[in-house]
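A.B. asks: need coordinates for the below:
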Amino acid sequence: MGLLVGLVSACQSSEVGNSKSEPAVSTSVAREQGVWLGRRAVPISQIASEPESPILSWEVSAGDSVAGTVRRWSAIAGYTALPIFSATEDWTLIVSQSFVGRFEDALAWLSEGFQRQRVRPVAVLFANHTLDLVGQPTDAVARQ
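C.D. replies: Numbering: from 1, shown residues only. A predicted model of the protein is given here:
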């Protein structure tokens with residue numbers, strides 16, 4: 001089970017899916033809405049049983065890699081980053097900033113910073129508190 005972070009954190013469909021492990025909504029809708037649990041998209045309200053992460057200050061530093069930053073943040077939040085991320089892109093931060101909020105919101109904020117790139121980083125959080133980083137095409141692809 002995983003939670004896709006980096007987009008909007010709500011799903012328009014209230015359907016949870018059927019016993020065939022098919023998505024309740026299409027993969028494109030799930031990716032657009034930002035909630036993806038296992039092989040099916042579900043409303044964010046249905047995963048509310050997870051305790052909320054604490055509000056902290058999340059720092060990014062110019063010159064650091066996104067992967068390194070996400071690994072550092074994961075350790076702080078109690079997640080284990082996969083040894084090798086699924087993303088093939090190597091994003092580098094060009095500014096130093098901070099975000100105050102929950103871990104999941106910080107990951108979304110980080111992803112939004114790359115919305116003008118062809119592919120942006122998106123974190124996938126799993127129920128076993130592991131994390132993967134994937135690349136997601138943005139609207140910038142359509143504009144070119």
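A.B. asks: just checking, which helix or strand of the chain averages the lowest pLDDT?
C.D. replies: Across the helices and strands of the chain, mean pLDDT, DSSP states H and E gives its lowest value to helix 27-33, namely a mean of 40.
A.B. asks: now residue 101: how far from residue 116?
C.D. replies: As defined by C-beta to C-beta, to the nearest Å, residue 101 lies at a distance of 22 Å from residue 116. Where C-beta positions appear, they are placed from N, C-alpha and C, glycine not excepted.
A.B. asks: show me the shaky parts of the protein.
C.D. replies: Counting by pLDDT under 70, the chain shows low-confidence ranges at 1-51, 140-144.
A.B. asks: which one's the longest helix in it?
C.D. replies: Ranked by residue count under DSSP state H, the longest helix found in the chain is helix 66-77.
A.B. asks: which secondary structure elements does that helix contact?
C.D. replies: For helix 66-77, the contact count by 3 or more C-beta pairs under 8 Å, 6 or more residues apart in numbering; DSSP states H and E identifies strand 56-60, strand 80-81, helix 103-112, strand 119-126, strand 130-137 as packing neighbours.
A.B. asks: can I get those in TSV including distance to residue 91 and mean neighbour count?
C.D. replies: Conversion of the helices and strands packed on helix 66-77 to TSV gives the following (distance: least, C-beta to C-beta, whole Å; neighbours: other C-beta atoms under 10 Å):
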stretch	distance to residue 91	mean neighbour count
strand 56-60	11	16
strand 80-81	15	16
helix 103-112	9	22
strand 119-126	6	22
strand 130-137	9	18
